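*Asks:* Below are the sequence and a predicted model for it; my questions follow.
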Amino acid sequence: MFVRILPLVVAALITALPTAAHAQLRARLLASGFNRPNGVVFDPVVPGAIYVVDQAGIVRAFLNGAERPTPFLNLSGVVSTGGEQGLLGMAFPPNAAATGRVFVHFTNANGHSVVARFTRSTADPMVLNAASRFDLQWPAAGGGRQGFITQPYTNHNGGHLAFGPDGYLYIGMGDGGLANDPGHRAQAPDTLLGKMLRIDVSVADSDANGYAIPPTNPTFTTTIPALPEIWAFGLRNPWRYSFDDLGSGATNALIIGDVGQNAREEIDYEPAGQGGRNYGWRVAEGSIDGDTSLPPSYFPLKSPLFEYPHVNMNGEAITGGYVYRGSALGASYRGRYFYADCPTGTIYSLGLSIDGMGEATAGTNTDHTTEMGGPFQCVGAFARDLNGELYFMDFGYSASNTGRVFVIEAAGASAPGVPTNLAANVSGSTVTISWNASASGGAATGYRLEAGTAPGLADITTFQTTSTGIAVPGVPTGQYFVRVRSTNAVGTSAATSDLTINVGCTPPVAPATFTASASNRTVSLNWTLAPGSTRTIIEAGYAPGATALTIPVSAPTAGVAFPGVPPGTYYVRTRGVNACGQGTASVERTLVVQ
């Protein structure tokens, strides 16, 4: 995938300084059966929507924990797969709600790196419009532009995408592959390989390149001009990086996990806005010399915040993670950086001390693998939800569909159960909703109420409360679908069943009369309009009670004729509709068309 496949010839245990004040952690399995998951992305627009990015090219969509039948995106016929190639990253921009845009990073059929922009389908926001794909246009060798970044070899593609707190897109590019960067590309100013890139993708759809250069991108003192997309030099294969940009105490720093060659795995720390750094590869591997046969593009070389050797710490390939700023793990973990070593399946947290200039010093490095139930399979990525809680993914090299998704939580704690006895009372335009705390799971510290225009939707409102009831005055006339979830520091329960609430009206009664006849393949339907109906729905099926076709007819029409109906036996009924929804069905009529 994204690591060197080397024999595990060392078995020394990582030396970690324990921190007694830290509560023990555990990894709770959330989902399994994925191929090679390398991202869990939380939708910033659709409440409850989560996407699992798979290297094979499919982004699977989940809503409130249930997988949807249609993927968010399917590039399985477009990407090159195997080894370190495939679909490698996905990110929503800060203006996702307004633009509907999503960006993905993958290797195409020829093995070159593509960053593509998609927009959501107008029919379903949890499906991307395949026809909206636009490949960002990059500088090509010899001049001009092309819709990919040329990769000379199949490995070290990087592939992660992340939007910084400055709103710009950061793209981590590996050095192009093989061992020891034979083209010295990570130090070459005229290639994007081996670099961290920063671009502004908030351009109009009509922009020819799909991005602009941020005016604050750094300039470099190199012998030849550096490409303006470059933010930092000297990366080998930045496999996962993140910004410390969520929650109390966040510094907005960029933290990079850069996979080493044969000696060192490193974590690079960059205070907010401090571009222009040279992290040293291939001249340096971590803090030791690498291949010094050619000089770096410029000095100074920035030493890593933290590194670990392959011999003493049994490491093989780092997977960068996140600085924890959530609440479920407790205050002692806030500000610690979680990361993993992929092939050994080990997970750690690193303490950080930030000075007055925003630079970090590494503190204690704690191995959480055993207490969390590991070692795991290859830990390929971490994820962070909108509340700052952390997740990770693993997969097995030896078989397909071994990928799993875990949440990191405090040992001994548990998420609350589903609330019970959800009920509502309507008095005029005031709706009072109540429920009981669950008797199962952990104790709830709050509740999340969701209201929508259809079952399962939360397109009207979502809000938190600490009580088991709420009164809402001034609710407009209409029909609403409401559910509630329990929450605590560990997690959120599944939702209750939807409660249907009608305000200011009731659904129509069944049409009092309904007749149906067929003559020479013309079907005539007539009914009595249900009082208060704004339209009538005709339902037809091939079996009693079944519906294969629905036809809306606006009031006051109370009869229609359909010529040319194919021969067959049909079961037909009508029902009225108003602002509070559909009424009960009329008597069903059987029609035989010959």
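*Replies:* The structure has been received and is ready for your questions.

*Asks:* make it CA atoms for all contacts and neighbour counts henceforth
*Replies:* Will do.

*Asks:* Flag the shaky bits of the stretch 251-400 of the chain, pLDDT-wise.
*Replies:* Along the stretch 251-400 of the chain, the model assigns pLDDT under 70 to residues 312-314.

*Asks:* So which residues of it form strands?
*Replies:* Remark: strands of the stretch 251-400 of the chain, listed N- to C-terminal, are 254-258, 264-270, 284-285, 288-289, 306-309, 318-323, 337-341, 346-354, 360-367, 378-384, 390-395; assignment by DSSP state E, counting those that start in this stretch.

*Asks:* what does the stretch 401-550 of the chain give?
*Replies:* All strands of the stretch 401-550 of the chain, identified by DSSP E, counting those that start in this stretch, fall at 403-410, 420-427, 430-436, 446-452, 461-465, 469-472, 478-487, 499-503, 514-519, 522-527, 535-541, 549-554.

*Asks:* So what touches the fifth one?
*Replies:* This points to strand 461-465. Counting contacts by CA atoms under 8 Å, 6 or more residues apart in numbering, the residues outside strand 461-465 that touch it are Gly446, Tyr447, Arg448, Leu449, Glu450, Ala451, Gly452.

*Asks:* Considering those, which possesses the most neighbours?
*Replies:* In terms of neighbour count, Tyr447 stands highest of the contacts of strand 461-465 at 25 neighbours, by other CA atoms under 10 Å.

*Asks:* Give me whichever of the strands of the stretch 401-550 of the chain is most buried.
*Replies:* strand 478-487 (a mean of 24; mean count of other CA atoms under 10 Å).

*Asks:* thinking again about what came up before, comparing the strands of the stretch 401-550 of the chain, which yields the minimum mean pLDDT?
*Replies:* Set side by side, the strands of the stretch 401-550 of the chain give their lowest mean pLDDT on strand 461-465, at a mean of 88.

*Asks:* Parallel or antiparallel, which strands does it pair with?
*Replies:* strand 446-452 (antiparallel) (DSSP bridges).

*Asks:* Kindly calculate the angle that the partner strand makes with strand 499-503.
*Replies:* The directions of strand 446-452 and strand 499-503 differ by 60 degrees, with axes from the mean of the first three to the mean of the last three CA atoms, to 10 degrees as the criterion.

*Asks:* Would you check that Tyr542 makes contact with Arg589?
*Replies:* No: no contact is recorded between Tyr542 and Arg589 when judged using CA atoms under 8 Å, the distance being 11.7 Å.

*Asks:* Comparing the two, which residue is more hemmed in?
*Replies:* The residue with more neighbours, out of Tyr542 and Arg589 and counting by other CA under 10 Å, is Arg589; that gives 18 against 15.

*Asks:* Now do the shared contacts for Tyr542 and Arg589.
*Replies:* Contact criterion CA under 8 Å, 6+ apart; residues bridging Tyr542 and Arg589 by contacting each: Tyr571.

*Asks:* Tell me which of the strands of the stretch 251-400 of the chain is the most buried.
*Replies:* Comparing those by mean neighbour count (mean count of other CA under 10 Å), strand 318-323 comes out on top with a mean of 29.

*Asks:* Alpha carbons only: can I get stretch 417-430 in PDB?
*Replies:* Taking only C-alpha atoms (Å, rounded to 0.1, in the frame of the first residue of the first chain), the coordinates of stretch 417-430 have been written out as PDB:
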ATOM      1  CA  GLY A 417     -28.100   3.100  25.200                       C
ATOM      2  CA  VAL A 418     -31.000   4.300  23.100                       C
ATOM      3  CA  PRO A 419     -33.600   6.500  24.900                       C
ATOM      4  CA  THR A 420     -37.000   5.000  25.400                       C
ATOM      5  CA  ASN A 421     -40.700   6.100  25.400                       C
ATOM      6  CA  LEU A 422     -40.300   9.000  22.900                       C
ATOM      7  CA  ALA A 423     -43.600  10.900  22.800                       C
ATOM      8  CA  ALA A 424     -45.000  14.200  21.800                       C
ATOM      9  CA  ASN A 425     -47.900  16.500  22.600                       C
ATOM     10  CA  VAL A 426     -49.100  19.200  20.300                       C
ATOM     11  CA  SER A 427     -51.000  22.200  21.600                       C
ATOM     12  CA  GLY A 428     -51.700  24.800  19.000                       C
ATOM     13  CA  SER A 429     -48.300  25.600  17.500                       C
ATOM     14  CA  THR A 430     -46.400  24.400  20.600                       C
END
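
*Asks:* ok, residues contacting it?
*Replies:* For stretch 417-430, using CA under 8 Å, 6+ apart, the contacting residues are 431-442, 471-477, 483-486, 493-496, 499, 501-504.

*Asks:* hmm, 7 Å instead?
*Replies:* Under the criterion CA atoms under 7 Å, 6 or more residues apart in numbering, residues 431-438, 440-442, 471-476, 485-486, 493-496, 503-504 lie in contact with stretch 417-430.

*Asks:* Helices of this structure, residue ranges please.
*Replies:* Defined through DSSP state H, the helices belonging to the chain, from first to last, are 96-99, 310-313.

*Asks:* Same list (those helices) but as JSON lines, adding distance to Val283 and mean neighbour count.
*Replies:* Shown next, in JSON lines, are the helices of the chain (distance: least, CA to CA, whole Å; neighbours: other CA atoms under 10 Å):
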{"stretch": "helix 96-99", "distance to Val283": "40", "mean neighbour count": "13"}
{"stretch": "helix 310-313", "distance to Val283": "19", "mean neighbour count": "18"}
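
*Asks:* Burial check on Asn520, number of neighbours?
*Replies:* Under the neighbour criterion other CA under 10 Å, Asn520 is assigned a count of 11.

*Asks:* What of Val509?
*Replies:* The tally of other residues near Val509 (other CA under 10 Å) stands at 19.

*Asks:* which residue packs closest to it, ignoring adjacent ones?
*Replies:* Gly583 (5.5 Å; CA to CA, 6 or more residues apart in numbering).

*Asks:* does that neighbour really touch Thr506, like I thought?
*Replies:* No: contact criterion CA atoms under 7 Å: Gly583 and Thr506 do not qualify, at 8.4 Å.

*Asks:* The residue lying closest to Ser400 once chain neighbours are set aside: how many residues sit nearby?
*Replies:* Here the nearest residue to Ser400 in space, its sequence neighbours aside, is Asn35; by CA to CA, 6+ apart that works out to 5.4 Å. Asn35 is flanked by 21 other residues according to other CA under 10 Å.

*Asks:* got a list of what Asn35 touches?
*Replies:* Contacts of Asn35 (CA under 7 Å, 6+ apart): Asp54, Ser400, Asn401, Thr402, Gly403.

*Asks:* Of those, which is the nearest to Pro300?
*Replies:* Asp54 (37.9 Å; CA to CA).

*Asks:* The closest one: neighbour count?
*Replies:* By the criterion of other CA under 10 Å, Asp54 has 23 neighbours.

*Asks:* what does Gly77 give?
*Replies:* With neighbours defined by other CA under 10 Å, the count for Gly77 comes to 12.

*Asks:* One more: the one 4 residues further on?
*Replies:* Here the number of neighbours of Thr81 (other CA under 10 Å) works out to 21.

*Asks:* So for Leu29, which of the strands of the stretch 251-400 of the chain sits nearest?
*Replies:* Across those, the minimum distance to Leu29, taken as CA to CA, is reached by strand 390-395, at 9.7 Å.

*Asks:* who does that closest one pair up with?
*Replies:* Its sheet considered, strand 390-395 pairs with strand 378-384 (antiparallel), strand 403-410 (antiparallel) by DSSP bridges.
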